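Colleague: predicted coordinates and the sequence they were generated for:
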Amino acid sequence: RDKPSYAAICAFSDVHASMPYTEVNSQRATEEVLVGLKEHVMAAIRAFAERRGGAPRRIIFYRDGVAHNMFGMDKAGGQGPIQQEIGHIFDACETMRLPTPELVFIVVQKRNRCRIALDMASQGRAGVSNAPVGTVIDRDITDANAFDFYLVPHKGIKGTAQPSHYTVVWNDAQLTPDELQLLTFQLCHTYTRATKIVS
């Protein structure tokens, strides 16, 4: 219980997502909102400006470690953790006196109960197989009232491949589902410490 939780922000300023800028801090394990997010975003924007000669016009923010009950209002009727974090990102830009960038905020849930399999009958064989890497499910099992999708980002080395669940909670840029799904899958290929795709 007394062990801290560690939160990190990783920002890219190049089109190939190969030049990361990172910030890490510890916080109480029970803290739901990322502590110091505004300051971390400001530092990332400064690093971006140094490399690119100006502030970003668009910020695409992937947030992991959030349960469904953290998407909306809190129990007292105030802003929930996600709304607070979106506010911190805009506050960072306002504090730096920057034009408001387009923000896309996506919540990633890697721990879910969904499993996706391919029925081999269509190929004349019996049984099921893991869905191919890159498979996207954005209908039937998704939330009818949300912009969400499941993506199988990597091969199941042992057992059934587990898809990650992505929920787009803010989309100023009006990116289409296809654009976000492709970007998300491409970002799964940028982990420099692995030779395989990661989620």
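Modeller: Cool, the structure landed.

Colleague: buried ones in stretch 58-77, by neighbour count?
Modeller: Residues of stretch 58-77 classed as buried: I59, I60, F61, R63, V66, M70 (neighbour count, 16 or more other CB atoms under 10 Å). C-betas here are computed from N, CA, C, even on glycine.

Colleague: out of the residues you listed, who's nearest L187?
Modeller: Of all the buried residues of stretch 58-77, L187 sits closest to I60, with 9.0 Å by CB to CB.

Colleague: any idea which helix or strand comes after the one helix or strand in the chain whose mean pLDDT sits lowest?
Modeller: Within the chain, no helix or strand scores below strand 117-119, which has a mean of 72 by mean pLDDT, DSSP states H and E. Heading C-terminal from strand 117-119, the first helix or strand you meet, by DSSP states H and E, is strand 128-130.

Colleague: what's downstream of that following strand, the next helix or strand?
Modeller: strand 136-137.

Colleague: strand partners (parallel or antiparallel) of that following strand?
Modeller: Strand 136-137 has its sheet partners listed here by DSSP bridges as strand 147-151 (antiparallel).

Colleague: give me the angle between the helix or strand just after the strand it pairs with and strand 147-151.
Modeller: Per DSSP H and E, strand 147-151 leads on to strand 164-171 as the next helix or strand towards the C-terminus. Angle of strand 164-171 versus strand 147-151, following axes from the mean of the first three to the mean of the last three CA atoms, to 10 degrees, is 150 degrees.

Colleague: contact partners of strand 164-171?
Modeller: With contacts defined as CB atoms under 8 Å, 6 or more residues apart in numbering, strand 164-171 is touched by 71, 82, 86, 103-110, 112, 114, 143, 146-151, 153, 180, 184, 199.

Colleague: would you write a ChimeraX line that selects the buried entries of those?
Modeller: To isolate the buried ones among the contacts of strand 164-171 in ChimeraX, judged by 16+ other CB under 10 Å, type:
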select :82,86,103,104,105,106,107,108,109,147,148,149,150,151,153,180,184,199
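
Colleague: and the contacts of strand 164-171, which of them are in helices?
Modeller: Judged by DSSP state H, those include I82, I86, L180, T184 as members of helices.

Colleague: of these, which is the nearest to F12?
Modeller: T184 (13.8 Å).

Colleague: and that closest one, how far from T135?
Modeller: Distance from T184 to T135, counting by CB to CB, to the nearest Å: 12 Å.

Colleague: list the buried ones in the helix or strand encompassing E23?
Modeller: Using DSSP H and E, E23 sits in strand 20-27. For strand 20-27, burial by neighbour count (16+ other CB under 10 Å) applies to Y21, E23, N25.
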